[in-house]
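A.B. asks: Requesting a structural model of the entry that follows:
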Amino acid sequence: MKTVRLLVLVTLFLVSCRTPAAQTQPAPNEACAVTQPVWDKPPEDSAVQGAPAFGYYFINADRSIWGSASWKEQEEKTLRVNEEGLKMGWFRPEGAELVITGERMDAEAPPLDVYMPCCYPNRFQSSSLFFPTEGCWEITAKAADSVLSFTLWVWP
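C.D. replies: As a prediction, this is how the structure comes out:
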């Protein structure tokens, strides 16, 4: 009987040790309407190795711009960004220049800083997004006549 009680206590202790990180995360402001990503298979592109695989994406209505949201597979509902920024893969109209901007919606902040390497001739384009502050951010991606906007809650 003592062994069973000890096992139950150890199990409860281990479960309680697993959850504090999630409990200490700041919750998104109720006014921040965070966009939920869609589980879908991206378009084929010769710049991407292998066959397309399902994942979480932000996708515009005409499906011409896709932004990866792979972090949504995690249990966390907020996005953590480190000094290396947020690496995102995009699909856009083939050969069109992709322009990404970001604005903090819940407070004053410097604009989003975007690094986008040159010369992706197909639909795929990589990028790194650097958020200067935590908070509610609206990201807008434009390419040719297409636009994708989504909202994220970011914390360091």
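
A.B. asks: Quick check on Thr140: phi, psi?
C.D. replies: phi -130, psi 130 (degrees, to the nearest 10).

A.B. asks: Look up how far Ala69 lies from it.
C.D. replies: From Thr140 across to Ala69, the span is 15 Å (C-beta to C-beta, to the nearest Å). Placement of C-beta: from N, CA and C, glycine included.

A.B. asks: try Tyr57
C.D. replies: Counting by C-beta to C-beta, the gap from Tyr57 to Ala69 is 6 Å.

A.B. asks: Repeat that for Ala61.
C.D. replies: Distance of Ala61 to Ala69, given as C-beta to C-beta: 17 Å.

A.B. asks: quick one on the thing from earlier: quick one: which of Tyr57 and Ala69 has more around it?
C.D. replies: Tyr57 (24 against 21; other C-beta atoms under 10 Å).

A.B. asks: show me the contacts for that one.
C.D. replies: By C-beta atoms under 8 Å, 6 or more residues apart in numbering, the residues touching Tyr57 are Pro37, Val38, Asp40, Pro42, Trp66, Gly67, Ser68, Ala69.

A.B. asks: Closest to Glu84 out of those?
C.D. replies: Ser68 (15.5 Å; C-beta to C-beta).

A.B. asks: Count the residues that sit near that closest one.
C.D. replies: That count, for Ser68 with other C-beta under 10 Å as the rule, works out to 20.

A.B. asks: Can you name the residues that contact the residue lying closest to Asp113 once chain neighbours are set aside?
C.D. replies: Nearest residue to Asp113 in three dimensions, chain neighbours excluded: Phe130, at 4.0 Å (C-beta to C-beta, 6 or more residues apart in numbering). Phe130 is in contact with Val81, Gly85, Leu86, Leu112, Asp113, Val114, Tyr115, counting by C-beta under 8 Å, 6+ apart.

A.B. asks: which secondary structure element contains the third one?
C.D. replies: Right, Leu86. Secondary structure from DSSP states H and E places Leu86 in strand 86-91.

A.B. asks: No further questions, thank you.
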